[in-house]
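**Q** model this:
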Amino acid sequence: MKRSLPTRIRLAALALLVAFLTQPQWFETMLQPLTENDAPAIYDRDSLLSLTLSHLITVAIATAGATVLAVALAILVTRPFGAEFLPLSRSLVNIGQTIPPVAVLALAVPAVGFGEKPILIALFLYGLLPIFENALTGFSTLPAPVVEAAKGVGMTGWQRLAKVELPLALPVILAGIRLSVVISLATATIGSTVAAKTLGEVIIAGLLSNNLAFVLQGGLIVAALAVLIHDAFGVLERAAARRTRRQAV
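**A** Below you'll find the predicted structure:
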């Protein structure tokens, strides 16, 4: 019973989110008191569904790129021949945390122009650190008996990496990706300041026109996405952890 209740809540939240994105006019009466001077209660300059999909695609592309680089660096520095590159790798992945995303946008716009590219660069850099540190932890804490057994049966380094190390480290890596995605979902809203198509467009429009309904709907959509995606990654992590425990036995 305790496990089914959260599932029902998540399904209800997902259904409510889909309903709001596809039929926002159903909620107009609820949001109308938050407007002034008969302003529209539902954002009408673009489709909420289209903005949400664009927001998710931007986050997915940036996270995928950050995952590839961060995991590759973690693999490199946990090999005997690459251990000396650990300080350099840490400095590289810390760039995104050292330079605020707004500053990255300001630096990127003159180089690549307005649109999606500046926010992709900012999210890519911002998402590197949690994925790298978790991947590093995952590869550094592998069960020694399992790794030695893989060596004992004659597996090559690449075979051990693909068939043993990556599957065992996967739950920890997924935790890092989860954190990176949740951070990026919120950070992506600032992409609208450089003409990227994200849900930040709704929030900024609300702030500029003093329309609390716009601000609320944009913020709630981002928050709902963050909670649902966080939970989805949690399910993947638990499934990967169960598989890892079976392999380690």
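**Q** pull out the buried positions in the lengthiest helix in the chain.
**A** As assigned by DSSP state H, the longest helix anywhere in the chain is helix 212-248. By neighbour count on 16 or more other C-beta atoms under 10 Å, the buried set for helix 212-248 is 212-219, 221-222, 224-227, 229, 231, 233, 236-237, 240, 244. The C-beta positions use only the backbone N, C-alpha and C, and glycine is treated the same way.
**Q** repeat that for stretch 164-173.
**A** Val164, Glu165, Leu166, Leu168, Ala169, Leu170, Pro171, Val172, Ile173.
**Q** so what's the residue count around Leu92?
**A** Per other C-beta atoms under 10 Å, the neighbour tally for Leu92 reads 17.
**Q** helix or strand: which one has it?
**A** Take DSSP states H and E as the rule and Leu92 turns out to sit in helix 86-93.
**Q** mind checking the pLDDT average for that helix?
**A** For helix 86-93, the mean pLDDT works out to 90.
**Q** what of stretch 168-185?
**A** Stretch 168-185 comes out at a mean pLDDT of 94.
**Q** swap in stretch 18-30?
**A** What stretch 18-30 shows for mean pLDDT is 91.
**Q** would you list every one of the helices in this structure?
**A** 4-22, 28-31, 48-77, 86-93, 95-98, 101-112, 116-140, 144-152, 157-160, 166-187, 200-209, 212-248.
**Q** circling back: of all the buried residues of stretch 164-173, which comes closest to Leu51?
**A** The closest of the buried residues of stretch 164-173 to Leu51 turns out to be Ile173 (C-beta to C-beta; 29.9 Å).
**Q** tell me the pLDDT at the residue nearest to the closest one when sequence neighbours are not counted?
**A** Closest residue in space to Ile173, ignoring its immediate chain neighbours: Ala135 at 4.9 Å, by C-beta to C-beta, 6 or more residues apart in numbering. In this model, Ala135 is scored at 95, pLDDT.
**Q** correct me, but Ala135 touches Val172?
**A** Yes: under the contact definition of C-beta atoms under 8 Å, Ala135 touches Val172, with a separation of 7.2 Å.
**Q** tell me which residue is most central in the protein.
**A** Centre of the chain computed as the mean C-alpha position; nearest residue by C-alpha atoms, centre = their mean is Val181, 1.0 Å away.
**Q** low-scoring stretches of this protein, by residue?
**A** Counting by pLDDT under 70, the chain shows low-confidence ranges at 1-5, 245-249.
**Q** how about a cut-off of 80?
**A** Across the chain, the ranges flagged by pLDDT under 80 are 1-7, 96, 144, 147, 154, 157, 243-249.
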